[in-house]
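> dropping a prediction and its sequence here:
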Amino acid sequence: MMVRIVKILLVAAATVFLFGASAYVALTWVVGDEPIVRVPHLVGQSVVQSLAVLSDMGLHLKLKTLEPSDTIPADHVSHQEPAAGSEIKKGREVWIVVSSGPSHIATPRLLGQSLDQANVALHGTGLCTGAVARIYTETHPARQIIAQTPEAGATVVRNRCIDLLVSLGRRPAAFSMPDLIGDDLEASIQRLDLYRLRLGGVATRYHPERAQRTVLEQNPGAGQRVIEGSTVSLVVNADSDIAVGRRLGQGMSTELLRYRASPGLLNRKVVIEIRRYGALQRRWEGFVEPGAQVELLVPRATGTTATIWEDHALADVRILD
């Protein structure tokens, strides 16, 4: 009985051995039948060129990492695995390290550019915007770069942030707030225009002992320090908001001024100035994208004109009669 069991075990073992040997031989035959290719030299080539070369050879391109290189241009191969000349089978992978460009670069010249243009220039060269300080100056328009640190042409590490000094433009005039209490609403608005102040909210409150449409309260108060361009709110003597609205509508209507900036690549600086009662007031100033439209609610009255400047050049004059 024991002899019979031993024979059965020997037959089973022999069967397993033969099956395993057959599988190994078959696998070896299949793998060994794959063509052998020689890895090409990729260092110094662009990623696109390397991908095309390996695809034609039946190999797969794999990105390992990005590293700065002072000798290999950005987006070009700086290292490869396996090395050039190695023999591998088709269908295998070739790993590459791609250059992100020099580790040290020269800072661009930003003086005279707008802050928006400087941000684009820094980002495009692998740098970033650092601390931004702002000062008033009579010699540089608002948002223009006055100084930079490090200075233009200095060699810095990639991803270094550049500190900027930016102009706020001309310092607004400061003066004591005039006393408008008791003045007629229209006369008060004319005085605000002369001081280059802006009319804010107009509320109403009825006072039986004061004349209709005269100013009862103002904010800021008379004598307080204000700068041109500040907003002034008024409380006017009237029995209803409708009465004030009708009075404002007499010779002081408004219209929506629309101006479309010129097309191009860079942002446009647009300035809109309103001349009323012989006084010139800058009502809007800023940078807009090429072709963008500026919309501004402006007063419409006899003798009122709107002057539009684009990039410091006269662009349009509108008569707001």
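Nice, thanks for sending it over.
> use CA for all of it now, contacts and neighbours both
Will do.
> do I have it right that Gly201 meets Asn219?
No - applying Cα atoms under 8 Å as the test, Gly201 and Asn219 come out as separate, 9.9 Å apart.
> looking at the two, which one has more neighbours?
Taking other Cα atoms under 10 Å, Gly201 and Asn219 do not tie; Asn219 has more neighbours (15 against 12).
> for that one, list each beta-bridge partner.
For Asn219, the beta-bridge partners are Ser233 (DSSP bridges).
> so which helix or strand takes in Ser50?
Ser50 is located in helix 47-56, with elements delineated by DSSP states H and E.
> which strands or helices does that helix pack on?
Secondary-structure packing of helix 47-56 (3 or more Cα pairs under 8 Å, 6 or more residues apart in numbering; DSSP states H and E): strand 60-67.
> so the strand it packs on versus helix 47-56, what angle?
Counting by axes from the mean of the first three to the mean of the last three Cα atoms, to 10 degrees, strand 60-67 lies at 150 degrees to helix 47-56.
> from the chain's centre, how far out does strand 60-67 sit?
Put simply, strand 60-67 sits 31 Å off its chain's centre (Cα atoms, centre = their mean, to the nearest Å).
> ranges for the strands of the stretch 151-300 of the chain?
In the stretch 151-300 of the chain, the strands defined using DSSP state E, counting those that start in this stretch lie at 155-157, 161-167, 174-176, 198-205, 215-219, 225-227, 231-237, 253-260, 268-276, 279-288, 293-300.
> what strands flank the second one, and is each parallel or antiparallel?
Going back to what we said before, that points to strand 161-167. Sheet pairing of strand 161-167 (DSSP bridges) gives strand 128-135 (parallel), strand 145-149 (antiparallel).
> now swap in the fourth one and tell me
If you go by DSSP bridges, strand 198-205 pairs up with strand 231-237 (parallel).
> how does the protein divide into domains?
What automatic domain parsing lists as the domains of the chain is 36-101, 104-167, 174-249, 253-319.
> quick one: stretch 225-242 to chain centroid distance?
36 Å.
> ignore the last one, stretch 57-74
Taking mean C-alpha positions (Cα atoms, centre = their mean), stretch 57-74 and its chain are 30 Å apart.
> list the buried residues of that stretch.
Leu59, His60, Leu61, Leu66, Glu67, Pro68, Ser69, Ile72, Pro73, Ala74 (16 or more other Cα atoms under 10 Å).
> for those residues, which one is nearest Arg213?
Of all the buried residues of stretch 57-74, Arg213 sits closest to Ala74, with 70.6 Å by Cα to Cα.
> below-threshold pLDDT in the stretch 101-250 of the chain: ranges please.
Counting by pLDDT under 70, the low-confidence segments of the stretch 101-250 of the chain come to 239-250.
> check contacts around Pro263.
Pro290, Gly291 (Cα atoms under 8 Å, 6 or more residues apart in numbering).
> gap between it and Arg196?
When distance is defined by Cα to Cα, to the nearest Å, Pro263 is 32 Å away from Arg196.
> before we move on, what about His76?
58 Å.
> those two - which one has more neighbours?
Using other Cα under 10 Å as the criterion, His76 and Arg196 rank with His76 on top: 24 against 21.
> show me what that one is bridged to.
On the basis of DSSP bridges, His76 is bridged to Ser46.
> does it touch Val98 like I think?
Yes - with contact defined as Cα under 8 Å, His76 reaches Val98; the gap is 5.5 Å.
> what residues are shared contacts of these two?
Val47.
> quick check, central residue of the chain?
The centroid of the chain falls nearest to Asp116 when counting by Cα atoms, centre = their mean (6.9 Å).
> mind checking the SS state of that residue?
Three-state call for Asp116 (DSSP: H, G, I helix; E, B strand; the rest coil): helix.
> next, count neighbours for the closest residue to Val202 other than its chain neighbours.
If the residues on either side of it in the chain are set aside, Val202 comes closest to Leu234, at 5.0 Å by Cα to Cα, 6 or more residues apart in numbering. By other Cα under 10 Å, 23 other residues sit near Leu234.
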